[in-house]
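# structure for the following, please:
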Amino acid sequence: MAMNVGEADDEIIGTINTTPLVDVMLVLLIIFLITIPVVTTSIKVDLPKEKNVVRETKPENVIISVDKAGKIYLYDTPIKNTADLSERMKKFAVMKPQPEVQIRGDGKSDFEAVGRVMYSVQRAGIVKVGFITEPNN
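This is a model prediction of the structure:
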């Protein structure tokens, strides 16, 4: 025995069910509303442009090297510690014009050793400090 509930019309529905479409669009809208503020920032900053300039070493430049063990060398002379380096740099700081200090840090050295050299040079009053690197091939 069969029971009929409601009307017995077997009509084909000719309309599109838009509920899944609306659900997908709302999810996309929420995703865009969340991600757009992350992409745009409100503070205008003029970022520096990268430029690789070939620099030549002049005879008056001071060259400090840090090997992979963290030992410091002024030209080819070993330096005991950063305090000794700072004292030697004070002699260069009073020169007119002040020479540029170029730091050559080994790629496998501890960054702390190069940072200590940089700090000692700045404490001595040297204004122009640069790092020597090898160009990418």
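
# did I read that right, Ala83 in a helix?
Yes - counting by DSSP: H, G, I helix; E, B strand; the rest coil, Ala83 is located in a helix.

# ok, the closest residue to Ala83 other than its chain neighbours - how many residues close by?
Using C-beta to C-beta, 6 or more residues apart in numbering and skipping residues adjacent in sequence, the residue nearest Ala83 is Ser120, 7.6 Å away. (C-beta placed from N, C-alpha, C; glycine too.) Using other C-beta atoms under 10 Å, Ser120 has 22 other residues around it.

# for Leu85, same thing?
Neighbours around Leu85, by other C-beta under 10 Å: 22.

# from what I can see it touches Thr77, true?
No - the pair Leu85 / Thr77 is not scored as a contact, 10.6 Å apart, by C-beta atoms under 8 Å.

# in the chain, which spans are strands?
Taking DSSP state E as the criterion, the chain contains strands spanning 62-66, 72-74, 77-79, 101-105, 129-131.

# so which of those comes closest to Ile13?
strand 129-131 (73.1 Å; C-beta to C-beta).

# returning to what we had before: between the strands of the chain, which one is nearest to Val24?
strand 129-131 (52.7 Å).

# in the chain, where's the longest helix?
helix 19-39 (DSSP state H).

# next, the buried residues of it.
Within helix 19-39, no residue is scored as buried using 16 or more other C-beta atoms under 10 Å.

# could I get it in PDB with only the CA atoms?
Output of helix 19-39 as PDB, limited to C-alpha atoms (Å, rounded to 0.1, in the frame of the first residue of the first chain):
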ATOM      1  CA  THR A  19      22.300  28.000  -3.200                       C
ATOM      2  CA  PRO A  20      25.700  26.300  -3.800                       C
ATOM      3  CA  LEU A  21      26.700  29.100  -6.100                       C
ATOM      4  CA  VAL A  22      25.900  31.700  -3.400                       C
ATOM      5  CA  ASP A  23      27.800  29.600  -0.800                       C
ATOM      6  CA  VAL A  24      30.900  29.500  -3.000                       C
ATOM      7  CA  MET A  25      30.800  33.200  -3.700                       C
ATOM      8  CA  LEU A  26      30.400  34.100   0.000                       C
ATOM      9  CA  VAL A  27      33.500  31.900   0.800                       C
ATOM     10  CA  LEU A  28      35.500  33.600  -1.900                       C
ATOM     11  CA  LEU A  29      34.400  37.000  -0.700                       C
ATOM     12  CA  ILE A  30      35.500  36.200   2.900                       C
ATOM     13  CA  ILE A  31      38.900  35.000   1.700                       C
ATOM     14  CA  PHE A  32      39.400  38.200  -0.300                       C
ATOM     15  CA  LEU A  33      38.400  40.400   2.600                       C
ATOM     16  CA  ILE A  34      40.900  38.600   4.900                       C
ATOM     17  CA  THR A  35      43.800  38.600   2.500                       C
ATOM     18  CA  ILE A  36      43.600  42.100   0.900                       C
ATOM     19  CA  PRO A  37      44.600  44.100   4.000                       C
ATOM     20  CA  VAL A  38      47.700  41.900   4.400                       C
ATOM     21  CA  VAL A  39      48.800  42.600   0.900                       C
END
